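Participant: The following comprises the amino acid sequence and a computationally predicted model.
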Amino acid sequence: MSTFADPATGSSDAAQPYRFLDTISYVRVPGASTGGRCSVVEMRLRDGHAPPMHVHEDADETIHVLDGTVAVHTQKGSRSVAAGGSAVLPRGEPHSLLAEERSTVLVSTSPAGFEEFVTAVGEPAEDAVVPTTPPAEEAIGRVNELAGDHGIEIVGPPPA
């Protein structure tokens, strides 16, 4: 990791939107701006968005709910997190989330790296319209194909 001495800032207004699975996502603060210590990705989720159960092998993940409500799923159960709430998910532990309604979250990982997964799997979007349908099989295939390259292990289906 390189030196990180100056504040790193970013916003969705200045970022390229990506269609990542069934979200519109923006890399607000890339790991390159923090010497690899952390990254911040804004994700706009459709109602019902649910990635597969997965493990970040080397990164802790923090989810801040800006709008809406999501249920955070772990092996020990689920917890609902509404706007203004946060959840911190430890590395090495299986988890997922389910958007209980259309929601906007900030996802921060420490160390950085998740933002690289979003841009590798996602596709630049010309419009920032949140999808209304589940992800295409092609998008799910890219997740399964590239997850391991980014320190993510898929360990089960999305939560029901």
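Facilitator: Good, I have the coordinates.
Participant: Identify the residue nearest the geometric centre of this structure.
Facilitator: By C-alpha atoms, centre = their mean, the mean C-alpha position of the chain lies nearest to residue 107, the distance being 5.3 Å.
Participant: In which helix or strand does it reside?
Facilitator: strand 103-110 (DSSP states H and E).
Participant: quick one: strands adjacent to that strand?
Facilitator: If you go by DSSP bridges, strand 103-110 pairs up with strand 39-45 (antiparallel), strand 60-67 (antiparallel).
Participant: Keeping just the C-alphas, turn the longest helix along the chain into PDB.
Facilitator: Taking DSSP state H as the criterion, the chain has its longest helix at helix 137-146. Taking Å, rounded to 0.1, in the frame of the first residue of the first chain, the C-alpha atoms of helix 137-146 are listed here in PDB:
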ATOM      1  CA  GLU A 137     -27.700 -14.500 -16.500                       C
ATOM      2  CA  GLU A 138     -24.800 -13.000 -18.300                       C
ATOM      3  CA  ALA A 139     -24.200 -10.500 -15.400                       C
ATOM      4  CA  ILE A 140     -24.400 -13.400 -12.900                       C
ATOM      5  CA  GLY A 141     -21.900 -15.300 -15.000                       C
ATOM      6  CA  ARG A 142     -19.400 -12.400 -14.800                       C
ATOM      7  CA  VAL A 143     -19.800 -12.300 -11.000                       C
ATOM      8  CA  ASN A 144     -19.100 -16.000 -10.700                       C
ATOM      9  CA  GLU A 145     -16.200 -15.900 -13.200                       C
ATOM     10  CA  LEU A 146     -14.400 -12.800 -11.600                       C
END
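Participant: Understood, closing this out.
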